[in-house]
Every structure is written in structure tokens, then in C-alpha cells.
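> Quick one, fold the following:
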Amino acid sequence: MSHSPARDDRPVSRWRTAVAGFLALLGAFMAVPPSAAQAQAASVAFTPGAIRTDQNGNALQLHGLGIVKVGSTWYGFGEDKTGATSADTSFLDIPCYTSDDLGTWTYRGVALARQSSGDLGPNRIVERPKVIYNASTRTYVMYLHIDNADYSDAKAGVATSSTPCGPYVYRGSFRPLGNVSRDLGLFQESDGTGYLLTEDRDNGGLRIDKLSADYLSVDSAVALLGGGSIESPAMVKVGGTYYMLGSHLSGWYLNDNVYATATSLRGPWSSWRDLAAPGTHTYESQTANIITVQGSSGTSYIYAGDRWNTGDLGSSKLIWLPLTIRGTTVNLGQYPAWSLDTAAGTWSAGSGIPAAGTYTLTNAASSMLLDVSGASTATGGGVVQWPSTGGANQKWKLTWVADNIYTLTSVHSGLCLDVPGYSTTSGALLQQWTCNGGVNQQWALDLTGGPTGSTYVLVGVGSGLTIGTGGSTTQGAVVDQETGGSASAAGESWTLS
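The predicted structure is shown next:
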């Protein structure tokens, strides 16, 4: 039974009680650091693969994402695939959404509408809407992939508006410098120069073309990235390095997306490397764009991709994940839950990375452990795979560095897992060495398989190559750094326990 306090009807007593209560509340409020309160308010949780909706509860149609930030507001554009299947992807419209935090989106209307005939008419293909702002002409310029049902037109379309959400006025289509153009992207330098990124399978690569000053046409060719045809291009510049992301050509079927780097748009460009853990098909998604989130504490780069559902394209999931970018390495980890603070420009993983601690690492192909050969305690001691012995030379201390990056220290020797001489060569044998904090001793851990589990691919931050055994099941096989690829995925996967 509860007991009520004795009633006090005296006015002064009631006044004092009210003041005391107010001061208590004020003190409690002031005790919360403003920065913490602001950070909490700005942090947004993401669950890749979850259904994302607008303010009306409708699935976001931000497929093939185009995005531009104006002030503190992001404007998102996409392919409206409502009711569509892979058998019929006829153009419906390009919607526009707005968001202040990239998590909550408001539908604002149609940015580019279907027309009764022509490029935007019935039974036409209109994909990959990308938008950049031309400060000189004070115009928002949208580029799109324009095609017919059998994809033989292969043109780039252009539309313009004086406001971010439009409506956009369609200006027509063309083949850039006479070349075919299908999946495309846009890139804008800090000096305002615009570039068109476009898949050109006739020439076996991905083109970079410089746009005219008004962005309405192509001025000149810049580079052709070879190594096979790559579509769904997206590019970002960090420091003095350009990072190009793209997908192999496999229709609606997903594949292991790739990236290349260069210090000049004209090249030379590196060879293509896996963006995410090999064999995961980029966690069942295809590159659409890269979102740059600049804040008070840093800058984050968000991979935006589509997980296509061919039977109901409108319900295709949006797979957004933070990128780890260091030097010439881009890495996409799998985080079943993660959060983004747009005000600070920082992100954190809620899951998908291991807790710091001591582990054994078991190779998925051989079921053998990562082992310091002969229980050596010497610098330069080799690293092999070996059946479990319970020895300290098979135990590794994982220390978190940042993002999904760790160092691995041998419990037996106190030395770090190391790539000799900062080598970036595939096949370089790993060793243990005095811990020095170098990128040749740092490893990005990518969760493989489903969103749960403890199997990871370890990617060298300094080389962009993965720790593997060449798929060997032989006792004592050396451990090296490898180029990756779905064919060798098991030999490059390690279970932590």
C-alpha cells in the first residue's frame, strides 16, 4: 500500500516546492552536455536490407540513386520501379525526396515526368538519374541513361531545373562523342568542372568524359578504364586520390563489385579490385552512388547500392553502408546495424565487427589455424596454416584501430602480423614483425556470409589485398596476401573463435 504525503495548503510552502522542483529540473538539464544531446539527436540508425519508407509509408524509390546537398538538406532522386519487374522496366517517373539526416525521407513529388512520346514516353528505359549543380548558370543538371526496350539506343539524356526538386525540363539525348552510353554517373571537381562517367562496352571499358562549361554536353574524352566492361559507376575524390566504383556486367544478377584508383583522372588507373568480401556479391547489392557526409568531426563516405528484386523491382532494398578509405584501398564491410551522425560526419558499427580480444583464426578452406611457424619469437618469423595445437603461437590479439580496422598481435611472440616492406604485390608472404602502427600491419575485417556469424575476410589496409592460403588444404601452407575473387573465397575467409 502506498502512503500519500501529508497535505500542506500553505501558499508559501507550495511556492517553495514549485521553485525547488524547477531548479531540480534545470540542474538535471544542465548536467547533460549539449554536445552529447546534439550528437544523440543527429545520430541515425541503419539496418541494411530493411524496408525504408517515406512519410506516407511508401517504399522509397531511390533506386540508381542520384543525390545532391543544398545547405543542410539532401535531395534524393531515383528510378520509380513501383509495380515493375525485370520483364518490363518501362519508365514511370523520377521522384524527388528530401532529408536532413539521410535516414528520414520526405517525398516531394515528381522531378521528371513520363511523356506521351519520345525518350520519356511509354516503353522507354530511363535509368540512373544523377544531379549536379552548375554554379555559373545557377542550374541543376540531371543526366540519365536513355534507351529503348532492347538497349540499342544507348544514349545519355539531359534535363535541367532552377530548383533541386524540379520539375526538370528534358533537353534531349545524345551519344557522348559518338560512343554508346548506358549506366552512367556524374562527378564534380572542387573547381566546378563536371565529368560524365559512362559504361562503354563497345570499347571494353568505363569512360570518363569532361562536360562542357554548362554541363549540357560532353566537351572531351579524359580516360577509358579498361579491364573489361564496368557499369553502375560512382566516383569520389579523397585527398589527392580518385576512387572509382563499379559493377561487372551480369544483367539483373549481382556480382562482386570492384574499384580502381588514380591520382589523375587521366590515369594511370590501377587494376580493378574487389570492393567487398569476395563471393558475397557486394553483400547482394549493386553500386548506385557514393554519398559524402562532411561534418564537424570528420568526413564519411557512404556506399549506396541496390539489392534488386527482379519479381518486384519497386521493393528492391536499399543497401547503404559506410566505406573505409585509406591510401589506395577502399573497403566495404558488412554491418547488420550501424549509425551515422551527419552533424559530426562520423559513423559507428553496431554489429558486424569483432570485439577486441584474443582469438584463433581458422581458414574456411582447410579448417587449419593461422600459425606462427615453429612457434618462432623472432622478427621475420613466417606465418602458415597448421592444425590446432592449443599453442599461444596460434592465438592472436585483435586491437581495434578505427572503422573496421584492426591489428593482429601474436600472443606468443608479441609481434604483429605484417606485410614485409609494405609490399603491394599479390603473393607476398606474411610475417610477424615489431609492431609499428604502419598500414602494412593494419587489416580491415569484412563479415562474410549472412549478417550474423564470426567469419571474416581480412584486407590489408596498405595493399588492398586479402589474407589467404591460395585455397590450399596442405598442413604448413604459407599464408600470403592475394587479389581476392569469388573463386578463392574460402581460402581467404577466417573464422574467429
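> can you list the domains in this protein?
Segmentation of the chain into domains, based on automatic domain parsing, reads 44-349, 357-496.
> how long is the longest one from one end to the other?
With C-alpha to C-alpha, to the nearest Å as the measure, the first residue of domain 44-349 is 12 Å from its last.
> again, but for stretch 172-192
Taking C-alpha to C-alpha as the measure, stretch 172-192 stretches 23 Å from start to finish.
> Quick check: Gly357 touching Trp400?
No - counting by C-beta atoms under 8 Å, Gly357 sits too far from Trp400 to count as a contact (9.9 Å). From N, CA and C alone the C-beta is placed, and that goes for glycine too.
> Looking at the two, which is more packed in?
Under the criterion of other C-beta atoms under 10 Å, the comparison of Gly357 against Trp400 puts Trp400 first, with 15 against 11.
> Am I right that the more buried one falls within a helix?
No - counting by DSSP: H, G, I helix; E, B strand; the rest coil, Trp400 is located in no helix; its state is strand.
> contacting residues for the nearest residue to it once chain neighbours are set aside?
Distance criterion C-beta to C-beta, 6 or more residues apart in numbering; nearest residue to Trp400, sequence neighbours excluded, is Ala356 at 4.9 Å. The contact partners of Ala356, taken as C-beta atoms under 8 Å, 6 or more residues apart in numbering, are 398-400, 406.
> Just put the domains of the chain in a markdown table and tack on mean pLDDT.
Rendered in a markdown table, the data for the domains of the chain read as follows (pLDDT from 0 to 100):
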| stretch | mean pLDDT |
| --- | --- |
| domain 44-349 | 97 |
| domain 357-496 | 96 |
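> how deep is the residue nearest to Asn255 when sequence neighbours are not counted tucked in, by neighbour count?
If you skip the residues right next to it in sequence, Asn255 has His248 as its closest partner in space, 4.5 Å away by C-beta to C-beta, 6+ apart. Other residues within reach of His248, judged by other C-beta under 10 Å, total 17.
> Next: the one 5 residues further on.
Other residues within reach of Tyr253, judged by other C-beta under 10 Å, total 11.
> does it sit in a helix, a strand or a coil?
Going by three-state DSSP, the secondary structure assigned to Tyr253 is coil.
> coming back round to it: tell me the contacts of the residue nearest to Asn255?
228-231, 255-258.
> out of those residues, what pair is the most spread apart?
Of all pairs drawn from the contacts of His248, the widest gap by C-beta to C-beta lies between Ser229 and Asp256 and measures 14.9 Å.
> Roughly how far does the residue nearest to Gly311 when sequence neighbours are not counted sit from Ala154?
Excluding the flanking residues, the one nearest Gly311 by C-beta to C-beta, 6+ apart is Thr85, at 5.7 Å. Noted for Thr85: a distance of 22 Å to Ala154, by C-beta to C-beta, to the nearest Å.
> more crowded one of those two?
Here Thr85 and Ala154 are compared on neighbour count by other C-beta under 10 Å; more neighbours surround Ala154, at 21 against 14.
> what's the distance between that one and Asp200?
According to C-beta to C-beta, Ala154 and Asp200 sit 9 Å apart.
> Compare the contacts of Ala356 and tell me which is most surrounded.
Tyr406 (25 neighbours).
> show me the contacts for that one.
Residues 354, 356, 398-400, 442-443, 445 are the ones in contact with Tyr406 under the rule C-beta under 8 Å, 6+ apart.
> Can you work out which residues contact both of Ala154 and Asp200?
Taking C-beta under 8 Å, 6+ apart as the contact criterion, the common neighbours of Ala154 and Asp200 are 180-181.
> circling back to that earlier point, I'd like to know the beta-bridge partner residues of the residue nearest to Asn255.
Beta bridges link His248 to Ile230 when assigned by DSSP bridges.
> before we move on, the earlier item: wait, which of the contacts of Tyr406 is closest to Gly49?
Closest approach to Gly49 among the contacts of Tyr406 (C-beta to C-beta): Leu445, at 20.0 Å.
> Can you say which helix or strand has that closest one in it?
When elements are defined using DSSP states H and E, Leu445 is found to belong to strand 443-447.
> List the buried residues for that strand?
Across strand 443-447, burial judged by 16 or more other C-beta atoms under 10 Å covers 443-447.
> ditto for stretch 329-346
For stretch 329-346, the neighbour count (16+ other C-beta under 10 Å) marks 329-336, 338-346 as buried.
> Any buried residues in stretch 243-260, and which?
Neighbour count says stretch 243-260 has 243-249, 254, 256-260 buried, by 16+ other C-beta under 10 Å.
> oh sorry, the question was meant for stretch 90-110
When burial is assessed from 16+ other C-beta under 10 Å, stretch 90-110 yields the following buried residues: 91-102, 105, 107-108, 110.
> just stretch 489-497 next, same as before
Within stretch 489-497, the residues scored as buried using 16+ other C-beta under 10 Å are 489-496.
> For Gly357, see how far away the closest residue to Thr448 other than its chain neighbours is.
The shortest distance from Thr448 to any residue other than its chain neighbours is 4.6 Å, reached at Ala277 (C-beta to C-beta, 6+ apart). If you measure Ala277 against Gly357 using C-beta to C-beta, the figure is 21 Å.
> For the strand holding Leu445, which strands pair with it and how are they oriented?
Sheet pairing here is set by DSSP bridges, and for strand 443-447 it gives strand 405-410 (antiparallel), strand 455-460 (antiparallel).
> Please list the residues outside that strand that contact it.
Looking at what lies outside strand 443-447 - C-beta under 8 Å, 6+ apart - the contacts are 276-277, 280, 324, 329, 331-336, 352-354, 403-408, 417, 453, 455-461, 467.
> try 7 Å
276-277, 324, 331, 333-334, 352-354, 404-406, 408, 453, 456-461 (C-beta atoms under 7 Å, 6 or more residues apart in numbering).
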